[in-house]
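K.L.:
Any chance you can model this:
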Amino acid sequence: MARFSVVPSGDASSPGAATGPVAPVEPVEPVEPFEPIELGDLLGRAATGDEGAFGEFYDRTSARVHGLVRRVVRDPAQSEEVTQEVFLELWRQSARYDSGKGSVLAWVMTIAHRKAVDRVRSSESARGRDAAYGAATVDVAHDHTSEVAVQRLEGERVRRALGSLTEAQRRAVELAYLSGYTHTEVAGLLDLPLGTAKTRIRDGLIRLRDTLGVTS
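P.N.:
Predicted coordinates for the structure are as follows:
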C-alpha cells in the first residue's frame with residue numbers, strides 16, 4: 001500500500017483559489033488538503049477492521065497529534081505514550097465518529113487534547129501524593145533493597161518482552177523509547193522512510209503490550 005507523507009503543522013489553508021464570479025459563502029475552518037473526504041474514508045474503513053487503512057490514517061495524522069500532545073504534556077517520553085494512547089482510542093472508537101459534528105481532524109485533535117490534559121492532571125496528582133507520602137514517612141534500611149529487587153524483576157520482564165519482537169521492530173522501539181530519539185531521528189538512523197519507522201514502532205509497541213499483559 002502506498003504511503004503518504006504527514007502534512008506538517010502550520011497554515012492548513014489550501015493554496016490557490018477558483019477564478020470567476022462565485023456566490024458568497026459562509027467562512028469555514030481551514031482543513032488539511034486531504035480532509036475530510038480521504039481521512040473520513042480511511043476512518044470508515046478502519047471502523048470495519050481494516051488495519052491497513054488505519055495505518056495510513058496514523059501516518060497522515062500522527063505528526064499533528066504528537067505536536068499537540070507535546071505542547072500540552074511537554075515531557076518527551078510521556079508525550080510519546082499519550083500519542084500511542086490517542087491512536088489506540090481512535091482505533092477502538094472509529095465507528096463512533098459522527099461527520100455531522102465536525103471534521104475528522106477536529107475530532108482527532110479533540111481526543112488528543114483530552115488525553116494530554118488527563119495525563120498532565122494525573123502526573124500532577126501523582127506528584128502530590130508522592131510529596132505527601134514522603135513528608136509523612138521515614139525511610140528504613142530495607143526499603144532500598146526491596147525497590148532494587150522489584151526494578152530488576154520488571155527490567156527482566158521488559159527484556160524478555162523485547163525478545164518477542166522482530167529484529168526490525170526491536171531496533172525501532174529501542175531507539176525511540178530507550179534511547180529517546182524522535183520518530184524522524186529513528187527513520188534517519190535506520191535509513192527508513194518516516195512512515196515505515198512509525199509503523200515498526202507502532203507494531204512493536206502493540207506486541208510489547210500484548211506480551212506484558214498491559215491493558216488500556
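K.L.:
Which SSE is immediately downstream of the helix-or-strand element of the chain with minimal mean pLDDT?
P.N.:
Scoring the helices and strands of the chain by mean pLDDT, DSSP states H and E places helix 141-162 at the bottom, with a mean of 56. Remark: after helix 141-162, the chain's next helix or strand is helix 167-173, criterion DSSP states H and E.
K.L.:
I would like the residues contacting that next one, please.
P.N.:
Contacts of helix 167-173 with the rest of the structure, by Cβ atoms under 8 Å, 6 or more residues apart in numbering, involve 162-163, 165, 186, 190, 197, 200-201, 203-205, 207-208. Bear in mind the C-beta positions are built from the backbone N, C-alpha and C, glycine included.
K.L.:
rerun that using 7 Å as the cut-off
P.N.:
Contacts to helix 167-173, defined as Cβ atoms under 7 Å, 6 or more residues apart in numbering, come from residues Leu162, Leu165, Val186, Leu190, Ala197, Arg200, Ile201, Asp203, Gly204, Leu205, Arg207, Leu208.
K.L.:
With distance to Arg71, neighbour count and secondary structure as new columns, can those be given to me in CSV?
P.N.:
Output for those, formatted as CSV (distance: Cβ to Cβ, whole Å; neighbours: other Cβ atoms under 10 Å; DSSP: H, G, I helix; E, B strand; the rest coil):
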residue, distance to Arg71, neighbour count, secondary structure
Leu162, 30, 17, helix
Leu165, 30, 20, coil
Val186, 21, 23, helix
Leu190, 27, 16, helix
Ala197, 22, 25, helix
Arg200, 26, 25, helix
Ile201, 21, 22, helix
Asp203, 27, 18, helix
Gly204, 26, 23, helix
Leu205, 22, 22, helix
Arg207, 29, 18, helix
Leu208, 27, 19, helix
